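Visitor: coords please:
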Amino acid sequence: MIPISTISPKNSTVLSVGERVLLLRKNKGVSQLELAEIIRARQEKIVSVEKGNDEYTEVQLNAIREHFNIAGMPITGRECVAFRERLYLWRDLIRNRSTDIVKEMHREMANISNIEPYAHDLIMLYKMIEIQLYLVNNDIATAEKLFNAIANSLDDMNDECMYHYYNIKGYLSCINERHEEGLMFYLKALEIKELYGNAIPADDARLPYNISTCYTLFDIPYKAISYAQMACEMHIEARVVNFDLHINHMMALNYIKVNQLQEAEKLLDKILLKAESIKDDFHISRILFGYGLMHKKTENVPLAIEYFDKALKYAHDNRDNYNSACYQKIHCIIQTRAFSKAEQALEQAKKKCGQDVVWTTYFEALSCYLSISRRMTTPNDKASEYIETVAIPHFHKSYDYILSLDYYELLEQHYEKSRRAKKVLPMTKAILSIYKRCFAHQERR
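Guide: Residues are numbered from 1 along each chain as shown. Sure, this is the predicted structure:
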């Protein structure tokens, strides 16, 4: 007989059927004689199978499945391989929000814990995908509860499950506003994928997409573009419209930041047509906003204002889309030196913004920007102090480093023209520091 201590339940695909049943009966305290009675065979049959000299018939396996309550669960090597594939099919259906069949498969796998004695890795993979089900359904509390329940099992996970573990941990960190921590876990997941790629699905473009999203948030555009391109290369199956809209929009905005405007325009043209074809106002608004930024970058301010106005029309009740377009439009108006018009637009924006703490600071900063721009040669301690002590720290807390360049450059010019030379150098140093942080060559990670 095979010594029980030499059989590992972790990798179920390398075990024989006899070894799996041996682990199952030992775990349940079933003797060879009792198992023989269950399958209506002699005890010698059990001994022979467990020594590797014989095999159970399909009728006997069905009796084993029924007794141990593992109907529908894998027990042969081929079934274990097929079950893993079925788990990934379930994951894909979850992502595609195929609600009815997802629920049906969830019920179908309800007794999976009964094969724990010989299929630890399959059960762990099931748990990882089940957590993703709750995340997709926005049941964060249940997802976190299930995730915390397996957190102490990290040492017992294979590379495949560790990949999913760090991916989920990164996602949970990000939705809880711990973005730097989230990026760290995403990069750990990617490292596992690159080292042990054969054990992990090749089509999982969401990981580099999520990494790109983090770098976009952090205002590190070259890295954001690199990972977005990786996601596009991996996303080779039938295109998912929302995925394409999100990733290409994100890539276009980063191209604008690094002044690759032709590439940005190509992407914006492509996704605007797609967004219009599905009549998606949310994406249309964001894409028109991208055109506005692009034309602002080329200093075609009137055309930029035109696109920001178009973006506002499609923004509807989406706060971020509306306020972003409104902010950029007013900034452009100030650049045209139409100060009274900018002041009126700011008052309207502040009223609409209400008590929104985040956007209130942005628009108040823009008021200070307007005030200084009106009288560049006259010291304006109130406005400049607000920008330095409130607005810029707020921008940096929100990772809006590139936007803060507008304010550092304004103050640099203002201090120079108002003959306060000692204040110029700190602004110049801050500008150089931001360029180094956001644009200078850095290692991939």
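
Visitor: next helix or strand past the helix or strand harbouring L22?
Guide: Counting by DSSP states H and E, the element that carries L22 is helix 17-28. Counting by DSSP H and E, the next helix or strand C-terminal to helix 17-28 is helix 32-39.

Visitor: if we can go back for a sec, who are the packing partners of the helix holding L22?
Guide: helix 32-39, helix 43-50, helix 58-67 (3 or more C-beta pairs under 8 Å, 6 or more residues apart in numbering; DSSP states H and E). In short, each C-beta sits where N, CA and C put it, glycine included.

Visitor: angle of the first one against helix 58-67?
Guide: Helix 32-39 runs at 110 degrees relative to helix 58-67, counting by axes from the mean of the first three to the mean of the last three C-alpha atoms, to 10 degrees.

Visitor: buried stuff in helix 32-39?
Guide: Q32, L35, A36, I38, I39 (16 or more other C-beta atoms under 10 Å).

Visitor: one more: the second one?
Guide: By 16+ other C-beta under 10 Å, the buried positions in helix 43-50 come out as K45, I46, V49, E50.

Visitor: and what of the longest one?
Guide: Of the residues in helix 58-67, Q60, L61, A63, I64, R65, H67 count as buried by neighbour count, 16+ other C-beta under 10 Å.

Visitor: just how off-centre is that helix within its chain?
Guide: Helix 58-67 sits 43 Å away from the centroid of its parent chain (C-alpha atoms, centre = their mean, to the nearest Å).

Visitor: what of stretch 246-261?
Guide: 18 Å.

Visitor: let me see the mean pLDDT of that stretch.
Guide: Stretch 246-261 shows a mean pLDDT of 96.

Visitor: so what touches it?
Guide: Here stretch 246-261 makes contact (C-beta atoms under 8 Å, 6 or more residues apart in numbering) with 209, 212-213, 216, 219, 221-222, 224-225, 228-229, 231-232, 235, 263-264, 267-268, 270-271, 283, 286-287, 290, 293-294, 297-298, 402, 438-439.

Visitor: now, which of these lie within helices?
Guide: If you go by DSSP state H, those have 209, 212-213, 216, 221-222, 224-225, 228-229, 231-232, 263-264, 267-268, 270-271, 283, 286-287, 290, 293-294, 297, 402, 438-439 in helices.

Visitor: could you flag which of those are buried?
Guide: Buried among the ones in helices among the contacts of stretch 246-261 by 16+ other C-beta under 10 Å: 209, 212-213, 216, 221-222, 224-225, 228, 231-232, 264, 267-268, 271, 283, 286-287, 290, 293-294, 402, 438-439.

Visitor: circling back to that earlier point, can the helices and strands packed on helix 17-28 go into a markdown table with extra columns for mean pLDDT?
Guide: Converted to a markdown table, those look like this (pLDDT from 0 to 100):
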| stretch | mean pLDDT |
| --- | --- |
| helix 32-39 | 95 |
| helix 43-50 | 95 |
| helix 58-67 | 95 |
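
Visitor: ok, which of those helices comes nearest K351?
Guide: helix 58-67 (67.7 Å; C-beta to C-beta).
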